[in-house]
Each structure stands twice: as structure tokens, then as C-alpha cells.
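1. Here's my sequence, what's the structure:
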Amino acid sequence: MTIRSVSFQPCEMPLEDAGWRYAQGGIPVNRGYVVRLEAEDGTAGYGYAQAFQEKGTTFESLPALLERFAPLVTGREPFDIETILLAMDRSLKGSSPAKAGIDCALHDLAARQMGIPLYRMLGGKVREAIPLLRILALKSPEETAQQAAALVEEGYRYLKIKVDGDIERDVARVREVRAAVGPEVHLTVDANQSYTVKQAVTAIGRMAAFGIDIAEQPVPAGDLKGLELVTRTVPVAVEADESASSLEDVLTLVSNHIVDSISLKIPPLGGLRNTLAAARICQAGNIPCRMGASFCSQLLQSHAMHLAAALPNLGYACELGEFLHFRDDPFAGLEVDGGMLLVPDDAGSGVLPKR
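-> Model (predicted):
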């Protein structure tokens, strides 16, 4: 059953907390495009093309990219995923967020046509629910601790503290959060590239006294030697995020044992196909991986959830609950219970457009 139409609609979702910030700025409104593929029998599959400026893809540039790729999809079978991805790569290098939207929609459509949940196309389900790592926005130490206590009250047991390179203030954030949530809650920190190597070693070394599991992307993405030095020096697991924005990046990180863990994201990697390949590289190199945050609709989070459900080497809680921060999400269907994202058995991604 071939694909008869490709369409896409803009999606803009404001954050409930307009003051939400991380080290590189704020995200007052999430912007992207919902990709809809319709087969000849009327079955539709959906994907989300996220505006991802770090990969050179803006909200304004996405329509032209999706228009360029649409003829490469129309008339093909939804199962021709590899062929379509190759055609898009030949048509234009890069533009991975736009390609990811189409890739996810193809997977969703194929699963819906077969009447199976998406995780079955990705190897089958190895877990029924995904533990969620909830993110604490960049605020004062006292406000950060208040956020943390509220999330623990809701049932979450994994929290990530955003820090920004001010060592004294960053250590105070970790100290205040630990005091607010007690010893049983798992904590990670994310500097979003805001430290130098020496700052990272100093800050993480001091934070370790408060029991943190992971220090994510402490130094600039391109400083792999610095990232490796931090990994070798601090007593906390170091994770790559921005440094892992392509399959080639992931291979370099794993084959050289530069980090202890890798955060994988569908938009920069170009879709489910490549993200699964990245996870297999991690598995082969005995490096844990997990699904990182994409501030976006339930639609994209649902695709990441199905992949997380199928990964045998998932090493930690995943950042798949941040859709709860947004208003006006055009999709619904995800369910969180006791800090866990439940994996549905419905056909496709498990989410559908709101009526």
C-alpha cells in the first residue's frame, strides 16, 4: 500500500513557565512541524520535525526542507524506509530534524498498517514502562530545590539539575536539592557545555559529595580531548549530549571510550533508524545510552518512548516527560504513573491528534 500524500502543519507550543532557562538560553515556545503521511487505504502516520537550531534547521527553514523531501516519499511503500532515507541523503546533506520527522512518520504509518505497536518494529518490548528523569530549570538554588521537592511529591525519583558555569552557585543548587529530596532520589547535573575543563573537574568533584549519578556535557561539544580528560578525572559518570549529534560522533565517542554514557536524541540523529543504529554502537562498545530530552509534542516523545522500550542497553532514566511543560500540544495519549512513562500496546506510536 503506497503513500499517496505528504502534508505538514506548523506546531507552536508555549511553555507553562515562560522563565524556564538552561545555560544556553530559554525555550518560551517550542516550534516545529507535524508531518502526516497518508496511504492509499486512508491510514495515516505522524512524525514531528523539530526546529533544531544547533543542527542548522529553523522553524522558518523547515517547510522548504519538507517540500523538497515530499516527492521522495510519495508513491513509495511505508516500509521502504532505508530507500527513502538514502534518497533524502542524496538530495541534501544534513537537515537531520526534517529527515527525522519523515522517518518517524514512516515508522508510525508502517506500524499502523500492520496493526502493531511501534516497538515491535524496533526489536520488541523489553520493558513495560520507562523511568522518567525530570529536568529542573535554571533558577536560584532555593527555587531549584522547591521544583525538586514538588516533583518528588508527584512520584518522580530521577531529577536533572541544570547548571550554568557559576561553580559556587551550581554546587549550591545541588546541595539544596539533595537536602530537599533526601538520599534516595537519583540526581544528575547538566552544564550544557558551560564549563572549561578545569571548572568541570572542580565543580563535579565538589558536587560528587552530594551523590550525583551523571554529569552531562560539562564542556563544549567539540572539545573531545577535554571531555575525555573530565571523564578520566572525576568520580562521577560523564555523559555526552551535544557531542553526540551524529552517528559519526557516537562512533568516535564509543570507540575511543571518551565518555561513560551517551544521551541519544532523534532530531539531531535524523530519525528512529539512525538512533537505533547509534544505540547498537553503544551496545557494541559497552557504553550505556538513554533517550535525552527533546522539548516537544507528545508525538516525538512517543517515538522515543517506543525505542527506549526496545533497547536492551538502556542505562538510566530517560527525559521523555518534558511534554508536560507545554500547553496546546496537538497530540495526546501518553500516560505517566508514579514517575514512569507507560508503554502502550496500541498500533503505531500510541498517540493521536486531538479532535
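
2. from memory Ser246 sits against Lys265, does it?
-> No. Contact criterion C-beta atoms under 8 Å: Ser246 and Lys265 do not qualify, at 11.0 Å. For every residue, glycine as well, the C-beta is placed using N, CA and C.

3. When these two are compared, which one has more neighbours?
-> Taking other C-beta atoms under 10 Å, Ser246 and Lys265 do not tie; Lys265 has more neighbours (24 against 17).

4. Can you give me the distance of that one to Thr233?
-> 26 Å (C-beta to C-beta, to the nearest Å).

5. try Pro63
-> Distance from Pro63 to Thr233, by C-beta to C-beta: 46 Å.

6. where in the chain is pLDDT low?
-> Counting by pLDDT under 70, the ranges of the chain that qualify are 55.

7. 80 instead?
-> Applying pLDDT under 80 to the chain flags the ranges 18, 25, 27, 52-56, 294, 355.

8. where exactly do the helices run in it?
-> Applying DSSP state H to the chain gives helices spanning 62-73, 81-91, 96-114, 141-153, 167-181, 197-207, 224-233, 247-255, 266-269, 272-284, 298-310.

9. Between these, which one is closest to Arg290.
-> helix 298-310 (7.4 Å; C-beta to C-beta).

10. Send me the closest one as CSV with only the CA atoms.
-> Extracted as CSV, the C-alpha positions of helix 298-310 are listed here (Å, rounded to 0.1, in the frame of the first residue of the first chain):
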residue,chain,number,x,y,z
GLN,A,298,3.9,14.0,22.8
LEU,A,299,4.2,12.9,19.2
LEU,A,300,8.0,12.9,19.2
GLN,A,301,8.2,11.7,22.8
SER,A,302,6.1,8.7,21.9
HIS,A,303,8.6,7.6,19.2
ALA,A,304,11.5,8.0,21.6
MET,A,305,9.5,6.0,24.2
HIS,A,306,8.9,3.1,21.8
LEU,A,307,12.7,3.0,21.1
ALA,A,308,13.5,3.1,24.8
ALA,A,309,11.1,0.3,25.4
ALA,A,310,13.0,-1.9,22.9
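
11. and the angle from it to helix 96-114?
-> Helix 298-310 and helix 96-114 are oriented at 70 degrees to each other (axes from the mean of the first three to the mean of the last three C-alpha atoms, to 10 degrees).

12. Surely Lys99 and Leu86 touch.
-> No. With contact defined as C-beta under 8 Å, Lys99 does not reach Leu86; the gap is 10.9 Å.

13. Please say which of those two ends up with more neighbours.
-> Applying other C-beta under 10 Å to Lys99 and Leu86 shows that Lys99 carries more neighbours, namely 28 against 12.

14. got a list of what the residue lying closest to the more buried one once chain neighbours are set aside touches?
-> The shortest distance from Lys99 to any non-neighbouring residue, by C-beta to C-beta, 6 or more residues apart in numbering, is to Gly270 (4.7 Å). By C-beta atoms under 8 Å, 6 or more residues apart in numbering, the residues touching Gly270 are 85, 96, 99-100, 103.

15. for Leu341, same thing?
-> By C-beta under 8 Å, 6+ apart, the neighbours of Leu341 are 129-132, 305, 318, 320-321, 334-335.
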